[in-house]
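Undergrad: Coordinates for the following, if possible.
(one chain, ligands or ions: 1)
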Amino acid sequence: MCGIVGYVGAEDCAPFLIAGLKRLEYRGYDSAGVALVGESGLEVLRSRGKLSNLESLVLRKAPKGTLGIGHTRWATHGRPSDENAHPHSFRGVAVVHNGIIENHLELREELRRAGHTFASETDTEIFAHLIAEEVEGGHDLLQATRRALRRVRGTYALAVVSETDPHTLVAAKNASPLVVGFGQGENYLASDVPALLDRTREVMFLEEGDLVRLRQDSVELFDGDGQTIARQPRHIDWTPVMAEKGGHKHFMHKEIHEQARALVDTIRSRTALETGDVVLDGVGIDEALAKSLARVTIVACGTSYHAGLVGKHYLESLAKLPVEIDVASEFRYRDPLVPPGSLCIAISQSGETADTLAAMREAKAKGARTLAVCNVVGSAIARDAEDVLYTHAGPEIGVASTKAFTTQLAAMLLLALKLGRLRGTLDADRAGKLLQDLRGAPALIEKILAREDSILAAARTYSSARDMLFLGRGLQAPVALEGALKLKEISYVHAEGYPAGEMKHGPIALIDEQVPVVVIATRDPGRGHGQDTYEKIVGNIEEVRARGGKIIALVTDGDDLVSRLADHALWVPPASAFIAPLLNVLPLQLFAYHVADHRGTDVDQPRNLAKSVTVE
Ligand code: M6R
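TA: Numbers count the residues shown, from 1 in each chain. Predicted coordinates:
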């Protein structure tokens, strides 16, 4: 997934496509390509690496066409390479695609049986095959695309051209963004507004299920059943910098708001509710190996370490595996014991963190099997590990990790479910129920995001604090650590996270009227799992109140007890204990964001920090 541009009009569009892709470069990518339809038919040019490689290729080959699509790829299925770069083409049809197709393996197999051969490892390529078949069956490009989409499950922003129809660009949207730009005698398509800004400010954002047909002089919008939709374009005044952030003030804010989509991409294609089964592409652990595991060691840094702490709960509880977890920089220097039957899980958004890579290598050298939970396909940690479980958060640009964290939690839960099923420690019913809860999480995330105003109000009230404490228990203790890390790294407010039970052993000495305390006091409506520490956290709130401390509490909808005790309640919809960390972190991310924004710090690039720490 990453950047899409498209053009239909009267000019030779290769320069427009390259210029548009350049404006999307800020999002990061590993390869790029264009497809043009002109008098000599369809021409596709692709290149791994920097856009300048593609640009040189385009200059050399000088493709001609007044219809074209372009793409910058951030790998999800298949490593970064020329072959996996988009556009993908088949029998005169070319496609570019952002998103993830859940049933691509199934469809690939079906097509293979019908005699198709594939040129890439991507899920996207099946679109080219499916649509080309429909075109050959006599359907026009719009119908062919609609018919192909009916066979596909997943998320997509899709753009299609065909040499059978050199004046038509068709696009479709489901979950991944797509915007149409209106020109004079030409029309445009892009995944993001910056690609269009120097041509037009009249745009139309596509909505879920929309299909659009662009021609030189027309833009027609349809729903999935082929009914025409009337929607007016809107004028946008965004500056190029605002446009890069999709109208959000900061990348961090945009990325917080992308979490529902990121979770869908990470979870959906991997779960079967009926059987409770989890299919983890890239993880080759079978039943015998799972049963032979004696211990798990998790290594990670920063936010990824906090995801590991939650993962430890999941693995111990569901797969009954003892888990030790280490900050990666400590593990590598303490001559760790790695007994036979060890699995080392390295968690890293970037896949390039030097300490995490070195810790994983140390474990491997001592005989552990290695598994990476990683967001960047083909990164150093992903390349080095025997198994890779990719999170599909998409590129994260803000230095503060947000959507990477929630997708890491989802990945760890999927892994624990998988190992639990393989090891026979988890029955199908319970696994199915947990998968159902997990699949419900994106909708709950949307609910929390809709409550942003009340979080902003709390952030404004406490933004002048010098110190803050974050408390949680059980599965929420790591979320408290993460809340404190978010706040300190972007707002420079001194913040510490603690398991609430530790209060009496020291931190309570800090409490006075000047120290706001954020307490995660949500409640699992089903209780059980031995995780219910609700009464205890209520006790911790009382201790803080008795010392004059101000309480900002995360409270489950309908819980009058905690809301009465708190100075500020941040409401969260009810969720089971295992899912709650994925939800509870959101108000804390938004709280940190609004405190920092109010204090006027450089939210996306806080002082002294780098997105990827490739040195010790
Ligand atoms: O790319 P990684 O997940 O390995 O990065 C680890 C940490 O550097 C990272 O999580 C850091 O703590 C973030 N700035 C937190 O927001």
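Undergrad: give me the number of residues near the residue of the stretch 101-250 of the chain found nearest the ligand?
TA: Per Cβ to the nearest ligand atom, His250 is where the stretch 101-250 of the chain lies closest to the ligand, at 13.6 Å. (Glycine included, C-beta is placed from N, CA and C.) Using other Cβ atoms under 10 Å, His250 has 20 neighbouring residues.
Undergrad: how is this structure carved up into domains?
TA: Per automatic domain parsing, the domain ranges recorded for the chain read 3-244, 251-449, 451-616.
Undergrad: Which parts of the stretch 401-550 of the chain are strands?
TA: Using DSSP state E, counting those that start in this stretch, the strands of the stretch 401-550 of the chain run over residues 467-472, 494-499, 517-520.
Undergrad: Return the residues of the stretch 1-150 of the chain in contact with the ligand.
TA: Residues of the stretch 1-150 of the chain lying near the ligand by Cβ under 6 Å from any ligand atom: none.
Undergrad: all helices for the stretch 1-150 of the chain, in order.
TA: Listed in chain order, the helices of the stretch 1-150 of the chain (DSSP state H, counting those that start in this stretch) span 14-23, 51-61, 104-113, 125-136, 141-150.
Undergrad: Only C-alpha atoms, please: export the longest one in CSV.
TA: Coordinates of the C-alpha atoms in helix 125-136 are reproduced here as CSV (Å, rounded to 0.1, in the frame of the first residue of the first chain):
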residue,chain,number,x,y,z
GLU,A,125,-1.9,-9.2,-9.2
ILE,A,126,-5.1,-11.2,-9.0
PHE,A,127,-7.1,-8.0,-9.8
ALA,A,128,-5.4,-7.8,-13.2
HIS,A,129,-6.3,-11.4,-13.9
LEU,A,130,-9.9,-11.2,-12.7
ILE,A,131,-10.6,-8.0,-14.5
ALA,A,132,-8.9,-9.1,-17.7
GLU,A,133,-11.0,-12.3,-17.7
GLU,A,134,-14.2,-10.2,-17.4
VAL,A,135,-13.0,-7.8,-20.2
GLU,A,136,-12.4,-10.8,-22.4
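Undergrad: List the buried residues for that helix?
TA: Glu125, Ile126, Phe127, Ala128, His129, Leu130, Ile131, Ala132, Glu133, Glu134, Val135 (16 or more other Cβ atoms under 10 Å).
Undergrad: residues near the spatially closest residue to the second one that is not a sequence neighbour, how many?
TA: Using Cβ to Cβ, 6 or more residues apart in numbering and skipping residues adjacent in sequence, the residue nearest Ile126 is Leu107, 4.8 Å away. When neighbours are counted by other Cβ under 10 Å, Leu107 registers 21.
Undergrad: picking up where we left off before, okay, the strands of the stretch 401-550 of the chain, which one's buried deepest?
TA: Ranked by mean neighbour count, these are led by strand 517-520 with a mean of 29 (mean count of other Cβ atoms under 10 Å).
Undergrad: just to revisit the earlier point, right, and the residue of the stretch 101-250 of the chain closest to the ligand touches Gly398 too?
TA: Yes. His250 lies in contact with Gly398 (Cβ atoms under 8 Å); the separation is 6.6 Å.
Undergrad: Between these two, which contacts overlap?
TA: Residues touching both His250 and Gly398 by Cβ atoms under 8 Å, 6 or more residues apart in numbering: Val603, Asp604.
Undergrad: Export the domains of the chain as a markdown table, with columns for mean pLDDT.
TA: Converted to a markdown table, the domains of the chain look like this (pLDDT from 0 to 100):
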| stretch | mean pLDDT |
| --- | --- |
| domain 3-244 | 94 |
| domain 251-449 | 94 |
| domain 451-616 | 92 |
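Undergrad: residue contacts, the residue in the stretch 351-500 of the chain positioned nearest to the ligand?
TA: Relative to the ligand, the nearest point of the stretch 351-500 of the chain is Thr353 (3.3 Å; Cβ to the nearest ligand atom). With contact taken as Cβ under 8 Å, 6+ apart, Thr353 is in contact with Cys301, Ser304, Ala328, Ile381, Ser612, Val613, Thr614.
Undergrad: so of these, which ones are in helices?
TA: Ser304, Ala328, Ile381 (DSSP state H).
Undergrad: Distance of Leu475 relative to Glu446?
TA: From Leu475 across to Glu446, the span is 22 Å (Cβ to Cβ, to the nearest Å).
Undergrad: And these two? Which one has more around it.
TA: Higher neighbour count among Leu475 and Glu446: Leu475, with 25 against 14, using other Cβ under 10 Å.
Undergrad: and the more buried one, what does it touch?
TA: Leu475 neighbours (Cβ under 8 Å, 6+ apart): Val310, His313, Gln531, Ala577, Phe578, Ala580, Pro581.
Undergrad: quick one, which of the helices of the stretch 1-150 of the chain is nearest to Val241?
TA: helix 14-23 (11.4 Å; Cβ to Cβ).
Undergrad: Could you list every helix and strand in contact with the closest one?
TA: strand 3-8, strand 31-38, helix 51-61, strand 67-73, strand 187-190 (3 or more Cβ pairs under 8 Å, 6 or more residues apart in numbering; DSSP states H and E).
Undergrad: how many neighbours does Asp223 have?
TA: 14.
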